[in-house]
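>>> build me a model from this:
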Amino acid sequence: MTILPIHRLLTLDSAPDIDKFTLELEDYFNVDELKDRQKFFFMLEKAGVAEHAIGMYYAKRYWLIRLKNVKVVDKLITDKPPEYSRLDVSILNALILKRLVQGDFANNKAVSFYPRERGVIRGGGR
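Now for the predicted structure:
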């Protein structure tokens, strides 16, 4: 079975301090900013094969976010089987959205979903 990515566009009440946010991500992730869009998508796809990788785009900037240690997720997601906590979407929800952004975006209008990355980048208007 193949699970294809669903891209998320977050609509926040105020503009985030993106540099502060990326520093906070470094508690759990290796965070690399990439200047080139094509290189970003290439590196994201390559990293996603061997490790838990998430891409982030904001204000014409791209970041590759790779989980440092999967054991962190086991400590945060205790009410689900290990297979669930190993999904990239579970890592995104538990470590980034709930813990760092401090929001529950599961059933919230603040999140729009797109099957292709073009919709997110265009939809963000940044």
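>>> which residue is nearest the centroid of this protein?
residue 54 (4.3 Å; CA atoms, centre = their mean).
>>> so who does that one touch?
The contact partners of residue 54, by CB atoms under 8 Å, 6 or more residues apart in numbering, come to 29, 65, 66, 88, 91, 92, 96. C-beta coordinates here come from the backbone N, C-alpha and C atoms, glycine included.
>>> and those as JSON lines, adding pLDDT?
Below are the contacts of residue 54 laid out as JSON lines (pLDDT from 0 to 100):
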{"residue": "29", "pLDDT": "95"}
{"residue": "65", "pLDDT": "95"}
{"residue": "66", "pLDDT": "95"}
{"residue": "88", "pLDDT": "89"}
{"residue": "91", "pLDDT": "90"}
{"residue": "92", "pLDDT": "89"}
{"residue": "96", "pLDDT": "85"}
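>>> where is the longest helix in the protein?
helix 37-50 (DSSP state H).
>>> quickly list what the residue nearest to the centre of the chain is bridged to.
Counting by DSSP bridges, residue 54 forms beta bridges with residue 65.
>>> nearest spatial neighbour of residue 53, chain-adjacent residues omitted?
Counting by CB to CB, 6 or more residues apart in numbering, residue 53 lies nearest to residue 47, which is 3.8 Å off, once chain neighbours are set aside.
>>> wait, I meant residue 94
In this structure, residue 94 finds its nearest non-sequential neighbour in residue 76, 4.8 Å apart by CB to CB, 6+ apart.
>>> quick one: neighbours of the one you found, just the number.
Taking other CB atoms under 10 Å as the criterion, the count of residues near residue 76 is 15.
>>> that one against residue 97, yeah?
No: using CB atoms under 8 Å, residue 76 makes no contact with residue 97, being 11.9 Å away.
>>> now do the strands in this protein.
Ranges of strands in the chain, per DSSP state E, are 7-10, 29-34, 53-58, 61-67, 111-114.
>>> run a quick neighbour tally on residue 82.
10.
>>> what does residue 26 give?
When neighbours are defined as other CB under 10 Å, residue 26 has 11 of them.
>>> repeat that for residue 29.
Around residue 29 there are 25 residues (other CB under 10 Å).
>>> many thanks, we can stop here.
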